[in-house]
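Sequence and predicted structure are below.
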Amino acid sequence: MARFDFATTTLAGLTLVQRKRIEDHRGFLSRFYCVEECRDAGMNKPISQVNHTLTRNKGVVRGMHFQHPPYAEVKLVSCLHGEVFDVAVDLRRDSPTFLHWHGAILSAQNGQSLLIPEGFAHGFQTLTEDCELIYLHTAAYCPEAEGALNAADPRLGIKWPLATTEISERDRNHKLIEQDFKGIAI
């Protein structure tokens, strides 16, 4: 029995994952990850790292982060508590959707995750207070390979649902995309 539904998005390789719940009067059980099912959806490397975050305030923007090859990673992002607007930006060189973005609401209630392939930047905005996310990564974090985009870059044109209440100084100071940026070779 399949425990997930995988829905393609307008960005090739970026997949919205719906966890199927088995429910009764006591509550529910849902599978969070399955190597066999997720491999077919594009998470075809082993999980190397799992991160858990808490963002306390509503309207906070975090991101847009990525790792350069050979440390590029596939991420499975899920919301355990609260609700976020989760965004992925296609940075793959020569992709027909280069610099296009896709956003999805992830929440504890809707049981959805975003499967983000290598070559994408990722970030989110909290839509409620006390948002907890869990990330499954296929590569461990490597500070020397880290890259980032400015979440307010007009070239991206991300339409955040709320006014930004807070963004870290580090994220606010990421440079805007330069005209000659060709993307990431994956």
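Thanks, I have it.

I'd like the next helix or strand past the longest helix seen in the chain.
Using DSSP state H to define each element, the chain has its longest helix at helix 35-40. Once helix 35-40 ends, the next helix or strand along the chain (criterion: DSSP states H and E) is strand 49-55.

in that next one, what counts as buried?
Within strand 49-55, the residues that qualify as buried are residue 55, counting by 16 or more other CB atoms under 10 Å. C-beta: built from backbone N, CA, C; applies to glycine.

For it, enumerate the helices and strands it packs against.
strand 131-137 (3 or more CB pairs under 8 Å, 6 or more residues apart in numbering; DSSP states H and E).

for the strand it packs on, what is the average pLDDT?
Averaged over strand 131-137, pLDDT sits at 98.

what's around the nearest residue to residue 166 once chain neighbours are set aside, how many residues?
Nearest non-adjacent residue to residue 166, counting by CB to CB, 6 or more residues apart in numbering: residue 60, 4.6 Å away. Burial of residue 60 is recorded as 21 neighbouring residues (other CB atoms under 10 Å).

same check, this time on the one 4 residues further on
Counted with other CB under 10 Å, the neighbours of residue 64 add up to 26.

Strand partners (parallel or antiparallel) of the helix or strand harbouring it?
Assessed by DSSP H and E, residue 64 sits inside strand 61-67. Sheet pairing of strand 61-67 (DSSP bridges) gives strand 120-126 (antiparallel), strand 146-148 (antiparallel).

Save the ones you listed as TSV, and put in distance to residue 157 too.
Below are those laid out as TSV (distance: least, CB to CB, whole Å):
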stretch	distance to residue 157
strand 120-126	14
strand 146-148	17
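
which ones are touching the residue most central in space within the chain?
Geometric centre of the chain, nearest residue: residue 122, 4.6 Å, by CA atoms, centre = their mean. By CB atoms under 8 Å, 6 or more residues apart in numbering, the contact list for residue 122 reads 63-66, 75, 77, 86-89, 116.

what about the helices in the protein?
35-40, 169-172.

Serialize those helices to CSV and add fields for mean neighbour count and distance to residue 46.
CSV is the format used below for the helices of the chain (neighbours: other CB atoms under 10 Å; distance: least, CB to CB, whole Å):
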stretch, mean neighbour count, distance to residue 46
helix 35-40, 13, 8
helix 169-172, 12, 29
